[in-house]
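Enquirer: Next comes the sequence, and after it the predicted model I'd like to discuss.
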Amino acid sequence: MSRKELVFRIGGAAGDGSASTAESLAKICTRSGLYAFTYTSYQSVIRGGHSWVQVRASEEPLLSQGERPQVLIALNQPTADIHAPQVREGGAIIFDSDSIKLDGLRIAEDVRRIGFPLSRVAREFSNNALMKNTVALGAAVRLFDMDLATVESAFATVWGRKKREIVDANVKAASAGYKHVDEDGGSLNLGMRYTGKARLLITGNQAIALGALAAGCKFLAQYPMTPASSIMHWMADHAPAHGVVVKQVEDELAAINMAIGAGFAGVRAMTATSGGGFSLMVEGLGQGGMVEAPVVAILCQRSGPSTGLPTKTEQGDLNLALGAGQGDWPRAILAPRNTDECFRLTAEAFNLAEVYQTPIIVMSDLYLSEGYRTVEGFDFNVPIIRGLLAADGGERRERYLRYKLTDSGVSPRALPGQEGFQFDAGTDEHDEKGELISDVLAGIPEWIEIRRQMMDKRMKKLDGLLRDTKGPELWGPPSADLTLISWGSTQGPLREAILDLQEADGISVNSLEFAHLFPFHAQETAEILGKAKKTLAVEGNFTGQFSRLLTAETSIKPDHFLGKYDGEPFYSSEIAAKVREVLG
Amino acid sequence: MSDGRTIELQEYKSEIKVTWCPGCGDFAVLNGLQKALQALQLKPWNIVIVSGIGCSSNIPHFLSTYGFHSIHGRAVPVASGIKLANPELTVIAAGGDGDGYGIGVGHFIHAMRRNLDITYIVMNNQIYGLTTGQASPTSEKEMKTKSTPEGVIENPVNPLALALASGATYIARGFSGDAKGLADLFAKGIQHKGFALIDVLSPCVTYNKINTYDWFRTRAYALEKDGHNPADFHAAWTRATEWPNLDQKRDRIGIGVIYERTDIPTYEDLEPALRKGPLVRQPLGLENPEELLEEFR
């Protein structure tokens, strides 16, 4: 890729502080006026192993984590062994010369070897062993020609709440690293312009949490599970001050059932989990569909099956979301394509849940949920649409039917505490009042008809959900040699591949991107794909779960499939390679 | 009804025909609950009864309150969500022994340690009724059921001991053969601030031919008359473990309040988000979102 960028990588053992050092750099980049994009490759271990973080930054908005780094900080020997050979020509490797050797490694030409005693230098400022990272960070800042003042202000926000001494010690340590590079070759001269324009650096999960707050979420029940936990962490820190109950509960069964209870009682409620926890929630979700209670379930996917790769990404849970719960019940499935949509689609989900009185599923994945991205900001002017309520008038208490048959399938909702509107919410099949027909009425001709009517009523909501959600977006040239099909977070690397192919090879490719997966916008999709010359579906799973949905809904089968299930996110280069192969 | 006049017993009853087997212990629970609600003069629209699945879990339909007939084993978390959303409601969870002590036992324990202000009524008949007679978590050792033709070889759950160990602050045992006593235990449990468990020995006349009304009558005694002090934890433990226990002693079954603590704050009292009032009445959305963005700059 020819666009101006800086790519930085730091690696070490878990517990070495790679992640926080990288986060600091991403913040420094953002404060300098760049757009940052991070990817953290870590393992399911608290100490030891090998983890690394990549930070990519550019003057233009970024679409992916980038590829080979210009600057590597190796915090231990394995990091040097694994990553030093990937450093680009003209780049630099920063390492502690007391403990790490680069001898014998295949390193590109012109790569500067910036070895100095990081730990010994750091000890002058603090006894904290992680201070050596800050020395290295200061060195990287000098290589990238960034301002030390920005480093100081970034540290002040990161540690501001703690002690001033910590900020001061870190600034001194960074300055030492900075000075070392100043005297040892100076900047890499990457030619970046630092405008200092203010933007935000945020993860997908933080954007989801913010979107929930903006939409009036009042209740979160969750059980810890990577990569969904940081939603709970952020909410626990911030939400109670805004009148939100945030509750870590005993399991995901409790999480979904508590959220449904809260939704039934009249507050906007949500839960968040990953595939394993979502598997436990399926019966509860079906209950939400049956009693017509609003709830939002965030599903942050990671590599399955079973415990799978807990710290790695995948888009393998679409079948699970589509099929959650016994029988048929109406649901919508939304899949944000980027951080901004994490915010917007979460907020939208709360409206859909209350307007249609049914569970709404928002699907992210580790790549999107945990990665930091620089965004311009968020539009907090979120409409709050609470749907049909018995309290809004027009409903007479003597004749109130909670599950009244209507054209839309939506019936006015009464909330406990409302005088005269008492009803029973039942998970057994029930009549318009909510009374069971399963016990002594099922199978009797008149009641067979009522069962059919109640099913029809609930499932009619899918028509409204289809009407109220957006169809897929065709991005790129309207007519192209190849149309890529994707959903959710694959958007970024895929768009970058398209831009690269256009620039480097003059190949014309566009993409059909789905953020609203279900109910499926079949007509629009068929119209667009009917005009496509050739199609390639790109999904982060083995079987092509979305492709199968597409085929089931439109009878169109993508011509080619690129599935990724190795735990790693898509790189634009591998998508581009597949496109070249397909177009032969 | 809202004008301060006395609410009649009839007003707590629904028009739905009760479908339990004639003689089922759950009738006494239903009647006792209606009487307790009337005695407390609670407004039916401010009450939510949440059940799970099983014969006894049909109970919300037979009352004129709000009801949530949820899924198997999940009455307690659904009730917890309702209570946290609107602590002004009287929330009563109800169901059977399979629902609460089997499939839902995890929630049971955690709700007690939270001390949410919820009343939980378990209609304990020591058998699975709706699925036609399999062993339940409280079935006694050696009991023959459809799933244990050679007799149960597991020890039964002791719900009262479990509640004591888990931090419930009101623990009582009722008996469907003592309808008046039930109404009293329910009323006290509902008034209690904190998690109240009332385990009701509620005979299944169809599938449990061992633990019958007569079986209980020959063993039951009133805790209060026997001088039990519900404030004494160790005495409560002794009473709770008179039956069931590993020695399979079953000659004395205490009925009444086993344990009560009134000085433990409820979960709602401690929850910071509820300080401004019930969630259902708090404004939606963010007043000053820019403040939240500071940390991302």
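Expert: Yep, it's here. The shown structure was predicted, so the numbers you read here are calculated from the model rather than taken from an experiment.

Enquirer: Could you pull out the helices in the stretch 51-200 of chain A for me?
Expert: For the stretch 51-200 of chain A, the helices defined by DSSP state H, counting those that start in this stretch occupy A:77-83, A:118-123, A:131-143, A:148-159, A:164-182.

Enquirer: Name the nearest residue to the residue in the stretch 101-250 of chain B that chain A sits nearest to, ignoring sequence neighbours.
Expert: Using Cβ to the nearest Cβ, residue B:110 is the residue of the stretch 101-250 of chain B that sits closest to chain A, at 4.2 Å. In this view, the C-beta of every residue, glycine as well, is placed from N, C-alpha and C. With sequence-adjacent residues excluded and distances taken as Cβ to Cβ, 6 or more residues apart in numbering or on different chains, residue B:110 is closest to residue A:250, at 4.2 Å.

Enquirer: what sits against the one you found?
Expert: Neighbouring residues of residue A:250 by Cβ atoms under 8 Å, 6 or more residues apart in numbering or on different chains: A:223, B:106, B:107, B:109, B:110.

Enquirer: same thing but 10 Å
Expert: Shown in contact with residue A:250 (Cβ atoms under 10 Å, 6 or more residues apart in numbering or on different chains): A:223, B:77, B:106, B:107, B:109, B:110, B:111, B:113, B:114.

Enquirer: Mind checking what secondary structure the fourth one has?
Expert: Using DSSP: H, G, I helix; E, B strand; the rest coil, the structure places residue B:107 in helix.

Enquirer: Is it in contact with residue A:257, as I believe?
Expert: Yes - the criterion here is Cβ atoms under 10 Å, and residue B:107 meets it with residue A:257 at 7.9 Å.

Enquirer: coming back round to it: between the helices of the stretch 51-200 of chain A, which gets the lowest average pLDDT?
Expert: In terms of mean pLDDT, the lowest-scoring of these is helix A:148-159 (a mean of 89).

Enquirer: if we can go back for a sec, any chance of the contacts of residue A:250 in CSV, plus pLDDT, distance to residue A:525 and neighbour count?
Expert: Formatted as CSV, the contacts of residue A:250 follow (pLDDT from 0 to 100; distance: Cβ to Cβ, whole Å; neighbours: other Cβ atoms under 10 Å in any protein chain shown):
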residue, pLDDT, distance to residue A:525, neighbour count
A:223, 98, 36, 24
B:77, 98, 39, 31
B:106, 98, 43, 16
B:107, 98, 42, 27
B:109, 98, 48, 18
B:110, 98, 45, 19
B:111, 98, 46, 30
B:113, 97, 50, 14
B:114, 97, 47, 23
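
Enquirer: Residue 70: neighbour count?
Expert: Here I'm looking at chain A. Counted by other Cβ atoms under 10 Å in any protein chain shown, the residues lying close to residue A:70 total 23.

Enquirer: wrong one, chain B
Expert: As a burial measure, residue B:70 scores 33 neighbours (other Cβ under 10 Å).

Enquirer: for it, what are its contacts?
Expert: Per Cβ under 10 Å, 6+ apart, neighbours of residue B:70: A:257, A:260-261, A:264, A:284, A:287, A:290-291, A:293, A:425-427, B:50-53, B:57, B:60, B:76-79, B:93, B:95, B:99.

Enquirer: Please work out which residue of the stretch 51-200 of chain A is closest to chain B.
Expert: residue A:200 (4.1 Å).

Enquirer: residues near the closest residue to that residue other than its chain neighbours, how many?
Expert: Leaving aside its sequence neighbours, residue A:200 sits nearest to residue B:296 (Cβ to Cβ, 6+ apart; 4.1 Å). A count of nearby residues for residue B:296, using other Cβ under 10 Å, gives 21.

Enquirer: Now do the same contact list for residue B:296.
Expert: Going by Cβ under 10 Å, 6+ apart, the list of residues near residue B:296 reads A:27, A:30, A:157, A:199-203, A:206-207, A:210, A:372, A:374-375, A:377-378.

Enquirer: swap the cut-off to 7 Å and go again
Expert: Listed by Cβ atoms under 7 Å, 6 or more residues apart in numbering or on different chains, the contact partners of residue B:296 are A:200, A:201, A:202.

Enquirer: end-to-end on stretch A:157-165?
Expert: 14 Å (Cα to Cα, to the nearest Å).

Enquirer: circling back to that earlier point, for ChimeraX, what selects the buried ones among the contacts of residue B:70?
Expert: With 16 or more other Cβ atoms under 10 Å in any protein chain shown as the criterion, this ChimeraX line picks the buried residues out of the contacts of residue B:70:
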select /A:257,260,261,264,284,287,290,291,293,425,426,427 /B:50,51,52,53,57,60,76,77,78,79,93,95,99
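
Enquirer: most residues in a single strand of chain A, which one?
Expert: strand A:48-58 (DSSP state E).

Enquirer: Count the neighbours of the residue in the stretch 51-200 of chain B positioned nearest to chain A for me.
Expert: Nearest residue of the stretch 51-200 of chain B to chain A (Cβ to the nearest Cβ) works out as residue B:81 at 2.5 Å. Around residue B:81 there are 34 other residues, counting by other Cβ under 10 Å.

Enquirer: In this structure it contacts residue A:256, no?
Expert: No - the criterion here is Cβ atoms under 7 Å, and residue B:81 misses it with residue A:256 at 9.5 Å.
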